[in-house]
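Asker: sequence first, predicted coordinates after that:
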Amino acid sequence: MKNLLIPFFAITLFLTACNTSPNPFLITKQTVGKLNDSTKVKDLKRVFEADSLSQFIGGDEFTGNTNIIKVFEKGTQKLLLELTPKEALDSLSTIQNVRIIDNRYKTKKGLDKLCDFSCLSANYNISGVQNTLRNLIVSVDEINAYFTIDKNELPEDLRYDMNKKIEVISIPPTAKIKDFFIQWY
């Protein structure tokens, strides 16, 4: 009897290990859920087969409009992601930018769209801070990500001068992340 139990448990353990599916909401340097940095536009229906895709087509690729593809959760019509291909109106193009909308998408360290700057800076090295008219753009090369933070989250003396260099230590820990993007080159 004991001789039969050992192979049974070994086979069960092996089958259980093989059936573990990847986290559909995990963000890494090369992936966002089931999407990866080499996924082509033509393959998106297969990648997001359980979800709905909506595609904005500008009509003229010379207008400079981007071709934003929205991914909705099927059934709830909840917006999950916004994808921007490298080349507009090209089904063979790969995805260049992924805007994270749904807060279920997280990195291994728990970073999501609802985190504040303290969560970001405690878990990742900030590669750079760019000062724009209304936002700060905070780059994290470790995960190919950038984040926008509204300048209203900054002390008043840092809000209005676009030429002022903003240091990481000048950003309040409680500053909320406005947008979370993954960018593949």
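Answerer: Everything's here; your move.

Asker: hey, let's count contacts and neighbours off CA atoms from now on
Answerer: Fine.

Asker: count the residues that sit near Cys115.
Answerer: Number of residues near Cys115 (other CA atoms under 10 Å) recorded here: 16.

Asker: swap in Gly110?
Answerer: If you count neighbours by other CA under 10 Å, Gly110 ends up with 14.

Asker: pLDDT score assigned to it?
Answerer: We have a pLDDT of 94 for Gly110.

Asker: let me see the contact set for it.
Answerer: Listed by CA atoms under 8 Å, 6 or more residues apart in numbering, Gly110 has no contact partners.

Asker: my read is it is in a strand, agree?
Answerer: No - assessed with DSSP: H, G, I helix; E, B strand; the rest coil, Gly110 is coil; it does not lie in a strand.

Asker: give me the distance between it and Val129.
Answerer: Applying CA to CA, to the nearest Å, the value for Gly110 to Val129 is 22 Å.

Asker: could you do Ile95 as well?
Answerer: Counting by CA to CA, the gap from Ile95 to Val129 is 24 Å.

Asker: run through this structure and note the low-pLDDT ranges.
Answerer: In the predicted model, the chain carries pLDDT under 70 at residues 1-21, 56-66.

Asker: domains in it, by residue range?
Answerer: Domain assignment of the chain by automatic domain parsing yields the ranges 21-104, 109-185.

Asker: element containing Leu83, please.
Answerer: Assessed by DSSP states H and E, Leu83 sits inside strand 78-85.

Asker: elements contacting that strand?
Answerer: Packed against strand 78-85 by the contact rule (3 or more CA pairs under 8 Å, 6 or more residues apart in numbering; DSSP states H and E) you find strand 69-73, strand 95-100.

Asker: which residues does that strand contact?
Answerer: Contact partners of strand 78-85, identified using CA under 8 Å, 6+ apart, comprise 41, 66-73, 93-102.

Asker: that one: partners in the sheet, and parallel or antiparallel?
Answerer: If you go by DSSP bridges, strand 78-85 pairs up with strand 69-73 (antiparallel), strand 95-100 (antiparallel).

Asker: appreciated, that's everything.
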